[in-house]
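need coordinates for the below:
(one chain, ligands or ions: 1)
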Amino acid sequence: MGSDFLISGLRSVELEVPDLARSAAFYMDVWGLVEAERADGHIYLRCEGEDAYAVRLNEASVPAILSYTLRAADGTDLAALRARAIAAGGVADGDIAPMLEAGGGTGFSLRDTVGRKLRVVQGDTRLDPFNSGQSRPDRLSHININTTDLERDIAFYELGFGFRVTDRSKMMGFVRTNSDHHTVVLAKAPVDTLNHIAFNHPTWEDVMKASGRMVDADYPMGWGPGRHGPGDNVFAYFVDPAGFVVEHTAEVLQVDDTYRVGGPEDWVWPAGRTDHWGVAPPKSGACKAAQLAIGFK
Ligand SMILES: [Fe+2]
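Predicted coordinates for the structure are as follows:
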């Protein structure tokens, strides 16, 4: 299932933070990542799965997302993929070249129609997965990106990278590139910024335990816990020390091409509800503000 996609998934995000030591300590001691490598001012943090890293941090005055990195399927022709992405509106940012960072591989970088940088890597290192028993994430789950033009950005992923639409709600488009219901979510907004980054766990019990670790460290839950509509995943949202919104999630719906693509009429909640469970308080103002605030550099 999903083996015919050009992109196999979301490998990593590359972030700039104003206090590198503080953010690195947060992601390792509280969020649950593990240091993979330090080099050239960058700290690479991995999950428990096979990816060489999930989060790359470096220090800069303003928090920002530099890029996010998709992994091309083993059989994908990178040059053809790059040409396809450029034909769909992407702007070249260098040629296909070795990726000189943790995980290596070969890849390319480009900017989307509004200048957000994304990278594609192929043949990067896979590590041995492990299980610490401490409810650490096993991989990235998805990236949610704010968009001033939902149709434009859905088309960019479909035409440029071979993603398929799984669901549409009034405010969001969910696109997939493997059996996960969504790997990229596009959210209508007044700005083209980062909405949030989601980390996958094997079970929702792990989401709860990892969330408890956050609460113990005085990071209040910004939204959740709950179970989303589109994708059916369990969620808990937080704001990290640099202002990034991060989500612990699990149990995202597994789909294939038999999935009936939903529309806004399929995802209308009863009054007062924003998820299947209905136990979470309304999203905090701090979380809402942070979901708009992080720009792409
Ligand atoms: Fe999410």
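
domains in the protein, by residue range?
The record's domain split for the chain, according to automatic domain parsing, is 7-122, 139-296.

and those domains as a markdown table, adding distance to the ion and mean neighbour count?
(Each C-beta comes from the backbone N, C-alpha and C, glycine too.) Output for these, formatted as a markdown table (distance: least, Cβ to the ion, whole Å; neighbours: other Cβ atoms under 10 Å):
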| stretch | distance to the ion | mean neighbour count |
| --- | --- | --- |
| domain 7-122 | 12 | 18 |
| domain 139-296 | 4 | 18 |
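
quickly note the distance from Ala79 to Ile96.
Using Cβ to Cβ, to the nearest Å, Ala79 is found at 6 Å from Ile96.

quick revisit: so can I have TSV of the domains of the chain showing mean pLDDT?
Conversion of those to TSV gives the following (pLDDT from 0 to 100):
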stretch	mean pLDDT
domain 7-122	98
domain 139-296	97
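
export those to JSON lines and tack on distance to Ser132?
Formatted as JSON lines, the domains of the chain follow (distance: least, Cβ to Cβ, whole Å):
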{"stretch": "domain 7-122", "distance to Ser132": "6"}
{"stretch": "domain 139-296", "distance to Ser132": "11"}
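
packing partners of the helix or strand Ala36 falls within?
For Ala36, the element it lies in under DSSP states H and E is strand 34-39. Applying 3 or more Cβ pairs under 8 Å, 6 or more residues apart in numbering; DSSP states H and E, one finds that strand 34-39 makes contact with strand 42-46.

strands paired with the strand it packs on, and their directions?
Within its sheet, strand 42-46 is paired with strand 34-39 (antiparallel), strand 55-59 (antiparallel), according to DSSP bridges.

neighbouring contacts of the last one?
Translated: strand 55-59. Strand 55-59 is contacted from outside by 12-20, 23-24, 27, 33, 41-45, 101-102, 197, using Cβ atoms under 8 Å, 6 or more residues apart in numbering.

return the subset of the residues you listed lying in helices.
Within the contacts of strand 55-59, membership in helices is found for Leu20, Ser23, Ala24, as judged by DSSP state H.

against Arg136, how distant is Ile7?
Distance check for Ile7 against Arg136: by Cβ to Cβ, it reads 25 Å.

surely Phe238 meets Ala217?
No: checked against Cβ atoms under 8 Å, the pair Phe238 and Ala217 is beyond contact range at 10.0 Å.

how about stretch 130-137: buried residues?
Ser135, Arg136, Pro137 (16 or more other Cβ atoms under 10 Å).

Throw these into CSV and include distance to Arg111, secondary structure and pLDDT, thanks.
Conversion of the buried residues of stretch 130-137 to CSV gives the following (distance: Cβ to Cβ, whole Å; DSSP: H, G, I helix; E, B strand; the rest coil; pLDDT from 0 to 100):
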residue, distance to Arg111, secondary structure, pLDDT
Ser135, 36, coil, 98
Arg136, 32, coil, 98
Pro137, 28, coil, 98
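
nearest to the ion, of these?
Proximity to the ion was ranked across these by Cβ to the ion; first place goes to Pro137, at 13.1 Å.

contacts for stretch 24-31?
Contacting residues not belonging to stretch 24-31 are listed as 33-35, 43, 45, 55, 57, 137, 199, 210, 213-214, 217, 219, 240-241, 246 [Cβ under 8 Å, 6+ apart].

try it again with 7 Å
Residues from elsewhere that reach stretch 24-31, judged by Cβ atoms under 7 Å, 6 or more residues apart in numbering: 33-35, 43, 45, 55, 57, 213-214, 217, 219, 240-241, 246.

now stretch 82-96
When contacts are taken as Cβ under 7 Å, 6+ apart, the neighbours of stretch 82-96 outside the stretch itself are 78-79, 106-113, 117, 156, 159-161.
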